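>>> have a look; sequence and predicted model below, questions after that.
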Amino acid sequence: MVQRGYHRPRPPSPHAIKLNLILIFAFFFLVFIFYTRQWHLLDDQQKQQPFFDEHSQTDRMPDAELWDAPPSYGLRSCVKPTSRYKAAAGWDHYMTVRSNGGLNQMRTGIADMVAVARIMNATLVIPQLDKRSFWHDSSMHSTFSDIFDELHFIETLQEDVKIVKELPQELANVPRARKHFTSWASTSYYEDMTQLWKEYQVIHVAKSDSRLANNDLPLDIQRLRCRALYQALRFSPPIESFGKKLVERLRARGGKYIALHLRYEKDMLSFTGCSYGLTDEESEELRVMRENTNHWKVKKINSTEQRLGGFCPLTPKEIGIFLRALGYPPSSLIYIAAGEIYGGSTRLLELTSRFPNIVFKETLATQEELKAFTNHASQTAALDYVISVESDVFVPSYSGNMARAVEGQRRFLGHRKTITPDRKGLVEVFDMLENGQQTEGSSLSHIIQTMHKNRKGAPRRRRGPLPEMKGRARLRTEESFYENPYPECICASKKHLG
């Protein structure tokens, strides 16, 4: 029997089943669309802001790989004279010198003149600094003792060369042999020059830069050059003291720091003829400057050819891309060792957008502290030099005199990490980025890291001349002695350690 009040459920109609299926499908489709859109939005954000992702592929390198010095394989500085070396005599022939160029060109030139005075048996008079510096020290009043510790210079080299502050009074007005010694000269050249002592008691040297060959000089002369540059030619106490104070402030901010020698000043760009990335107005301004600077001999320069040849300083944007590709995180502390950047804060933004933690002398020191260095280009350059030598990592955007001198001293002090960009190779990579053939990320990092695997300041012998060069022109293509004083001033033998 069927109970009263019980009604058997009617099965759903085919229309209702179809409607339910449509609603379920629509729900899952909307969910799919929502999450797909969110994924694309996240992906787009990552593409727009690749520089600040602390966990990206380029930031996962160990700290030791980023900051530690390369292996030195037991090599150390060695500058002591050999057993054949004799102490300096009290020579009555005198050499006066006008040191030409900017700070580091003068420094290496003075070291050369110490060696030349030794070869020629001359008493060296404290050199005069260039009043018409290549890069214009606007103070126009710097003397040797304003920049260098004069007494320390004289006393440190007293066993090598007799050095006096000025000519004896009785020789102040005697005729002098005014010489412009040949560039990259050998010891035999200067031994021949000693014939001048038969007619003159004083020789005046018009230029000090690059007066000695880089290679094939006696070991004792090479080591004397190192003693002169790395031990005797110390900066004046105010510069040394303040430079070390700024280093301490950098350490207090971040512990480790990169010193970036960013050669992107107006005069450097004008001199090299490099206008990539500049506006037409800026390019014209640089051209006019080059045309109106009399001592710059080359007036017409093809900017594109300069850049493709690797002869242009890297731009702030290129340096930012380069350092990120090497694995340095955006939080890295970077000290800018340079003058005023051409294009100001707008152009510098191309670097600070990738590395916000950037400092200058002006942000490390007070205006009162910097007042003593105002309008003294050589002294402010000396501060940059001290800070760059002491940095954990040194990166020059251009291979100028300071870059070479800092690299050489860092090698001498134990091969501290110095990363020298392969500018010619990097131009090809940057152009691929510009053309959309490459993007910033792990692929770019691999390319740039591979390219610079052997460009981090590890020990290597100094490079000789380019093989295709002939005659004396080949000497110009040799690696500078002061850029890499190995093997003469860096060795493994304990008996020669200095």
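That came through fine.
>>> separation between the nearest residue to Ile358 once chain neighbours are set aside and His261?
Spatial nearest neighbour of Ile358, chain neighbours left out: Ile334 (4.9 Å); criterion: Cβ to Cβ, 6 or more residues apart in numbering. Placement of C-beta: from N, CA and C, glycine included. Look at Ile334 and His261: by Cβ to Cβ, to the nearest Å, they are 11 Å apart.
>>> before we move on, back to that, the residue nearest to Ile358 against Asn357, yeah?
Yes - between Ile334 and Asn357 there is a contact under Cβ atoms under 8 Å: 6.6 Å.
>>> so if I had to pick from the two, which one is more boxed in?
Neighbour count, other Cβ atoms under 10 Å: between Ile334 and Asn357, Ile334 has more, with 26 against 15.
>>> quick one: contacts for the more buried one?
Contacts of Ile334 were listed using Cβ atoms under 8 Å, 6 or more residues apart in numbering, and they are 257-260, 323, 355, 357-359.
>>> 6 Å instead?
Counting by Cβ atoms under 6 Å, 6 or more residues apart in numbering, Ile334 makes contact with 258, 260, 355, 358.
>>> now do Tyr200
Ala177 are the contacts of Tyr200 under Cβ under 6 Å, 6+ apart.
>>> ok, Arg107 next?
Contacts here follow Cβ under 6 Å, 6+ apart; on that basis Arg107 touches Leu233.
>>> distance of it relative to Gln222?
According to Cβ to Cβ, Arg107 stands 17 Å off from Gln222.
>>> same for the host helix or strand of Lys244, what does it pack against?
Per DSSP states H and E, Lys244 falls inside helix 237-254. Packed against helix 237-254, as judged by 3 or more Cβ pairs under 6 Å, 6 or more residues apart in numbering; DSSP states H and E, are the following elements: helix 377-390.
>>> quick one: contacts of the helix or strand harbouring Glu305?
Assigned by DSSP H and E, Glu305 belongs to helix 303-308. The contact list for helix 303-308, computed with Cβ under 6 Å, 6+ apart, reads 273-276, 312, 427.
>>> let's have these in TSV, adding neighbour count.
TSV is the format used below for the contacts of helix 303-308 (neighbours: other Cβ atoms under 10 Å):
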residue	neighbour count
Gly273	22
Cys274	24
Ser275	22
Tyr276	18
Cys312	27
Val427	18
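>>> any chance you could map the strands in the stretch 151-300 of the chain?
Ranges of strands within the stretch 151-300 of the chain are 163-164, 177-179, 202-205, 258-261, based on DSSP state E, counting those that start in this stretch.
>>> ok, back up a step: chain center to the helix holding Lys244, what's the gap?
Centroid separation between helix 237-254 and its chain, computed with Cα atoms, centre = their mean, to the nearest Å, is 19 Å.
>>> next secondary structure element downstream of the top strand by length along the chain?
For the chain, the longest strand by residue count, based on DSSP state E, is strand 94-99. Sequence order places helix 103-119 as the next helix or strand after strand 94-99, per DSSP H and E.
>>> what's the local residue count around the closest residue to Leu212 other than its chain neighbours?
Excluding the flanking residues, the one nearest Leu212 by Cβ to Cβ, 6+ apart is Asp112, at 4.7 Å. Other residues near Asp112 come to 26 when the count uses other Cβ under 10 Å.
>>> ok, Ser345 next?
Taking other Cβ under 10 Å as the neighbour definition, Ser345 ends up with a count of 8.
>>> CA atoms only: put the helix holding Lys244 into CSV for me.
Provided in CSV are the C-alpha atoms of helix 237-254 (Å, rounded to 0.1, in the frame of the first residue of the first chain):
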residue,chain,number,x,y,z
PRO,A,237,97.9,65.0,6.1
PRO,A,238,94.6,66.9,5.7
ILE,A,239,93.7,64.9,2.6
GLU,A,240,94.7,61.6,4.0
SER,A,241,92.9,62.2,7.3
PHE,A,242,89.7,63.4,5.7
GLY,A,243,89.7,60.7,3.0
LYS,A,244,90.0,58.0,5.7
LYS,A,245,87.2,59.7,7.7
LEU,A,246,84.9,59.5,4.6
VAL,A,247,85.8,55.8,4.2
GLU,A,248,84.8,55.2,7.9
ARG,A,249,81.4,56.9,7.2
LEU,A,250,80.9,54.7,4.2
ARG,A,251,81.7,51.6,6.3
ALA,A,252,79.2,52.8,9.0
ARG,A,253,76.5,53.1,6.3
GLY,A,254,76.7,49.7,4.7
